[in-house]
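> Got a predicted structure here, sequence first:
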Amino acid sequence: MQLYLFISLSFLHLWPFQNRYLSWSFLEMSRFGTLVITQSLTSNICVLQLTQDGDLRLKGPKDRVGWRTGTSGQGVKRLQILRTVNLVLLDGLGNIKWQSFNFPTDVMLWGQRLSVASRLISFPTNSTSYYSLEIEQSRIALYLNSGKWNYSYWEFKPNKNRNIAYVQLGRKGLELFNDKQKKIAQIHPSDHQTVQFGQPLRFLALGNRTGNLKLYLYSPSIAKFDAAFQALNTTCDLPLACKPYGICTLSSACSCIQVLIAENETSRSGNSDCSQGISGGFCGNGKTKAEMLELKGVGSVLRGAPKIVNVSKEACASLCLEDCNCTSALYSTAKGGMEVEECFLYGMVIGVKQVERGSGLSYMVKVRKGAHGGHGKSNLKRWVLVLVGVVDGLIIHLVFGGLGYYLIKKRRKHTLPNGHNN
């Protein structure tokens, strides 16, 4: 007899395998304590095996072990999948020795809890960076992590400065609780979506492509899981919407920071790397001389960078130049009753986006000295205006050009029959 189960294996770190996660897979339970995992009828088969000494192992082709619980010798006697889809290993007395809910990666299931200081992690393909959803005492936040740098790009805080003890995914949303197990806040889909689908939430996922946080439910009309809520609704608010040294414009298109390359450097024509010829080499022996280029009307979605207050724009630029690890700086003159000058220093040029005029933001990028091919402040300002507006200007030109062509063609279509009748 074969038993088929529906389960999330998001707790698995399958580094040796081509697909690191096997989420929402079918399990076939054999008589020999072995679970056979397949993602489709034609895919390769992996085996989840509970050994006689109590270790749960995932094996791929040629019996290669890709993941294990490390519970050998702890008295594990059986494996059980609870109604909450929590996979547990039990000893002879029914005590839980290991459970999948304690080892989440990028997915959180209905009924699952995450305590303060825990997190979900998601790895983009072909990238050295990774995303994380972190449960903190005062908030839950999304982070972009790269090497020693970590910046938040979204957060949710309970009101009245209440502290979080743990979060739990309920039927209607992600619920936040204090240390007295009292619900203090909730992240949930809109009432319209709740009525429209009429289904409880099933899981939460941190997307490995965009880094967006989404709550999913099952939609009978399309016979699949559908996102009922997402934390970020605008493309340019995503940290990796564009490549490093790229700008996400108001039309949600990406434009490179087009700095003219010095004559003695290789042309970057046809190369999709926006950083070529303008970055790197600012630290160590023989470090490259640098200067700061200003992009007005440009900001960053990344938060949590070191902040210096009550400094001028020139001083902010100098602080970044003096720190070889600093690659960019954001200068803000936000006005909230009184003008506050703030300087934020970044270790990466990513998450850059165009903002509306009058925002009081100025983004400065460290580049090789002379890379912009001009001299003087006026040349820089002219280059900035052309750079940031080029993509949106082209799109506007195409839209109005197409509209004009359509109106002329429509007018001719109406006048020709009248001329023929006369």
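Arrived safely, thanks for sending.
> ok, the residue nearest the centre of the chain to N145 distance?
Nearest to the mean C-alpha position of the chain, counting by Cα atoms, centre = their mean, stands G211 at 1.8 Å. Distance of G211 to N145, given as Cβ to Cβ, to the nearest Å: 10 Å. No exception for glycine: its C-beta is placed from N, CA and C like everyone else's.
> Same check on N102?
22 Å.
> Now do the contacts for the residue nearest to the centre of the chain.
122, 124, 131, 142, 144, 153, 238-240 (Cβ atoms under 8 Å, 6 or more residues apart in numbering).
> can we see that at 10 Å?
122, 124, 129-133, 142-144, 153-154, 231-232, 238-241 (Cβ atoms under 10 Å, 6 or more residues apart in numbering).
> One more: R78?
Contacts for R78 (Cβ under 10 Å, 6+ apart) come out as 33, 50, 54, 88-92, 94.
> Is it bridged to anything, and to what?
Under DSSP bridges, the beta-bridge partners of R78 are L90.
> any idea how far it is from D91?
Counting by Cβ to Cβ, the gap from R78 to D91 is 9 Å.
> again with T69
Distance, T69 to D91, by Cβ to Cβ: 13 Å.
> do the same with I278
Separation of I278 from D91 (Cβ to Cβ) stands at 60 Å.
> Now list whatever residues contact both of G211 and N145.
By Cβ under 10 Å, 6+ apart, the residues touching both G211 and N145 are 129-132.
> which of the residues you listed lies closest to K182?
Here the nearest of the shared contacts of G211 and N145 to K182, counting by Cβ to Cβ, is S132; it sits at 26.7 Å.
> what sits opposite that closest one in the beta ladder?
I121, Y143.
> Report the contact partners of it.
By Cβ under 10 Å, 6+ apart, the contact list for S132 reads 106, 119-122, 141-145, 150, 152, 206, 211.
> Select only the buried ones of those residues in ChimeraX?
Selection of the buried residues among the contacts of S132 in ChimeraX, burial being defined by 16 or more other Cβ atoms under 10 Å:
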select :106,119,120,121,122,141,142,143,144,150,152,206,211
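> where in the stretch 151-300 of the chain is pLDDT low?
Scanning the stretch 151-300 of the chain for pLDDT under 70 picks out 191-197, 258-272, 277, 286.
> hey, what's M364 bridged with?
The partner residues for M364, given DSSP bridges, come to E294, A329.
> So what touches stretch 312-319?
291-294, 306, 308, 311, 326, 329-333, 341-345, 362, 364, 366.
> among those residues, which are in strands?
291-294, 308, 329-332, 342-345, 362, 364, 366 (DSSP state E).
> Mind checking which of those residues are buried?
Among these, those classed as buried by 16+ other Cβ under 10 Å are 291-294, 329-332, 342-345, 362, 364, 366.
> residue ranges for the helices of this structure, please.
Under the criterion DSSP state H, helices of the chain are mapped to 191-197, 313-322, 377-421.
> circling back: can you say which two of the buried ones among the ones in strands among the contacts of stretch 312-319 are spatially most distant?
Maximum pairwise distance in those, criterion Cβ to Cβ, is 21.9 Å, between E291 and E342.
> so how far is H188 from the residue nearest to P200 when sequence neighbours are not counted?
Leaving aside its chain neighbours, P200 sits nearest to R171 (3.7 Å; criterion: Cβ to Cβ, 6 or more residues apart in numbering). According to Cβ to Cβ, R171 and H188 sit 10 Å apart.
> Need the overlap of contacts for the two.
Common neighbours of R171 and H188, using Cβ under 10 Å, 6+ apart, are L201.
> Comparing those two, which residue is more hemmed in?
Shown here are R171 and H188; by other Cβ atoms under 10 Å, H188 has more neighbours (17 against 13).
> Neighbours of the nearest residue to the more buried one once chain neighbours are set aside, how many?
With Cβ to Cβ, 6+ apart as the criterion, H188 has its nearest non-adjacent residue at 2.9 Å, and that residue is G173. Counted with other Cβ under 10 Å, the burial measure for G173 works out to 19 neighbours.
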